[in-house]
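A.B. asks: Structure here, sequence nowhere to be found:
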């Protein structure tokens, strides 16, 4: 009789325990691949304004903030992080509303036919026009063109840096009043990479000049484009025209004149400056003033990452060669892709020859294909990876010349920071899936456009975790180490890892914008913890099961104590059954 009573109690306890294991708490998901769990929380950035101008929506660099313009009757306003600003007659949208450090939000606003910048909600001085608002790379400085005057033909312009007005020039005439105005690039103020210097093109009568650090340099008939700084911020260069000839100006010193000049660039180490020059209907590459050989046409001048090597494509008759450090490759019908490896020691390219595209690595021809889709090196420079088509309906993946996979489509691939893991999207039979080191993950629906930045897989800084955005039944989900998030109407941003185990992204659900923050909790010794708790508990009847739950609370798929993997849950059940259930 006593035994029957205990069985009855344990039967009730078992049902209650089963019900407890079936309870789901929002924000907790179990990772298939690592045995970890993912805990998330949503932070509302407000309901979307009904008058949103969708094309105005901008996300900050690290996807922590969001802003967009909205129309309210005949007025316009900015919504930043869910907070509505003042209503204005019109808005002027900069290329980047947010600074790189995400501390500042800026835009132009029109009121009573005057425009001013609004910085973190504070209105600046009104002008007749404002154009080309830009931040310094560190996000701490702001520069823009402003104009004073009444009529369009007598406006005078100046560059304003952190509220301080520079010298006055003729107005560049690019920005006009309107609901949402935009402007062109030629006169944009340019900060140096270290944010300490500023240069810009200015208009003075029928001539143009470059102003560097507040000093006016020589005037020319035309400046081709905005000036460029060397990577170390020490030099500034630009293209200028005198009469019918062009020349390069470096730190105020003029170079040789040519019929035309294109593709002005500094090497990554800042030690060299190169460009394409036109001479006698031919083209040549000039490096630090030294002229290379003339060709019919030159294209795609590229420095190696360390700045020590230079490569470009050149035309010889009906053929093309790849010129590397002045040495020509074999002639091909066409040079397609070419790339230096990250350590600058190797170069690979693909070239068309006899209706086949061959992959060439360090001058040696490898495999041939109908055509090569893409080509690149791994971050450690140890692998050359490329995709090629021999069958128009399929694409092959090759790693160091060996065929690894074959799919209907393969996207660009991403390596983990240590180079040990390689991931890419693949498509087969109308489904997309991520492939990680050759292993296919769960299949998802096809997005409207797979090559949006948000769909690119992202590794954590230590390379141990992988996250990506996927499409599922018309919704977006974020997948982290195999764990799917809840479904959202739209994921706005790529996943951003804040640390090796923390990440976030921006999403829209039911007309509301959320910042979703996640934490990956690794397993350590959960099964041992569970067993230790069970062994220390003196469970004699059903009532003590409740005290056990209180001491060691569980959630569906992931206990609160640092997460359990599937094996740990099985251990829990086996321990309970073996020790406490009559049939165990």
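C.D. replies: Done, it's in. Model, not experiment: these values are computed from the prediction.
A.B. asks: where does the protein dip in pLDDT?
C.D. replies: For the chain, residues meeting the criterion pLDDT under 70 lie at 1-36, 152-153, 173-184, 448-451, 523-584.
A.B. asks: can you give me the helices in it?
C.D. replies: Counting by DSSP state H, the chain has helices at residues 2-21, 526-536, 542-551, 566-580.
A.B. asks: Pick out the residue closest to the middle of this structure.
C.D. replies: By C-alpha atoms, centre = their mean, the chain has its centre lying nearest to residue 453, at 6.0 Å.
A.B. asks: ok, now which ones touch that residue?
C.D. replies: residue 494 (C-beta atoms under 8 Å, 6 or more residues apart in numbering). (Each C-beta comes from the backbone N, C-alpha and C, glycine too.)
A.B. asks: same thing but at 10 Å, please
C.D. replies: The neighbours of residue 453, taking C-beta atoms under 10 Å, 6 or more residues apart in numbering as the test, are 469, 493-494.
A.B. asks: now swap in residue 218 and tell me
C.D. replies: Applying C-beta under 10 Å, 6+ apart, the residues contacting residue 218 are 207, 209-210, 240, 242, 249, 252, 254.
A.B. asks: Let's see that with 7 Å instead.
C.D. replies: residue 209 (C-beta atoms under 7 Å, 6 or more residues apart in numbering).
A.B. asks: what do you get for residue 70?
C.D. replies: Contacts of residue 70 (C-beta under 7 Å, 6+ apart): 49, 51-53, 77, 79.
A.B. asks: Try it again at 6 Å.
C.D. replies: Each residue near residue 70 by C-beta atoms under 6 Å, 6 or more residues apart in numbering is listed here: 49, 51-52, 77, 79.
A.B. asks: mind checking how far the closest residue to residue 328 other than its chain neighbours is from residue 414?
C.D. replies: What sits nearest to residue 328 in space, not counting adjacent residues and going by C-beta to C-beta, 6 or more residues apart in numbering, is residue 321, at 4.4 Å. As judged by C-beta to C-beta, to the nearest Å, residue 321 and residue 414 stand 32 Å apart.
A.B. asks: Weed out the non-buried ones from the contacts of residue 453.
C.D. replies: 469, 493-494 (16 or more other C-beta atoms under 10 Å).
A.B. asks: Make CSV out of the residues you listed and add distance to residue 223.
C.D. replies: Shown next, in CSV, are these (distance: C-beta to C-beta, whole Å):
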residue, distance to residue 223
469, 42
493, 37
494, 36
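A.B. asks: The closest residue to residue 279 other than its chain neighbours and residue 326, how far apart?
C.D. replies: Leaving out its chain neighbours, the residue that sits closest to residue 279 by C-beta to C-beta, 6+ apart is residue 258, at 5.8 Å. Distance of residue 258 to residue 326, computed by C-beta to C-beta: 20 Å.
A.B. asks: repeat for residue 151
C.D. replies: In terms of C-beta to C-beta, residue 151 sits 56 Å off from residue 326.
A.B. asks: cool, residue 453 as well?
C.D. replies: 37 Å.
A.B. asks: Which residues lie in contact with residue 406 in this structure?
C.D. replies: Residue 406 neighbours (C-beta under 6 Å, 6+ apart): 394, 396.
A.B. asks: Apply 8 Å and report the result again.
C.D. replies: Going by C-beta under 8 Å, 6+ apart, the list of residues near residue 406 reads 394-397.
A.B. asks: Check residue 517 too.
C.D. replies: Residue 517 neighbours (C-beta under 8 Å, 6+ apart): 40-41, 43, 502-504.
A.B. asks: of these, buried ones?
C.D. replies: Applying 16+ other C-beta under 10 Å to these flags 40, 503-504 as buried.
A.B. asks: re the thing from before, show me which of residue 151 and residue 326 is the more surrounded one.
C.D. replies: More neighbours surround residue 326 than the other of residue 151 and residue 326, with 11 against 7 (other C-beta atoms under 10 Å).
A.B. asks: so that one touches residue 287, yeah?
C.D. replies: No - in this structure, residue 326 is not within contact of residue 287 by C-beta atoms under 8 Å, at 9.5 Å.
A.B. asks: Quickly note the distance from residue 394 to residue 161.
C.D. replies: From residue 394 to residue 161 the distance is 56 Å (C-beta to C-beta).
A.B. asks: doesn't residue 169 make contact with residue 205?
C.D. replies: No - counting by C-beta under 8 Å, residue 205 does not reach residue 169; the two are 9.4 Å apart.
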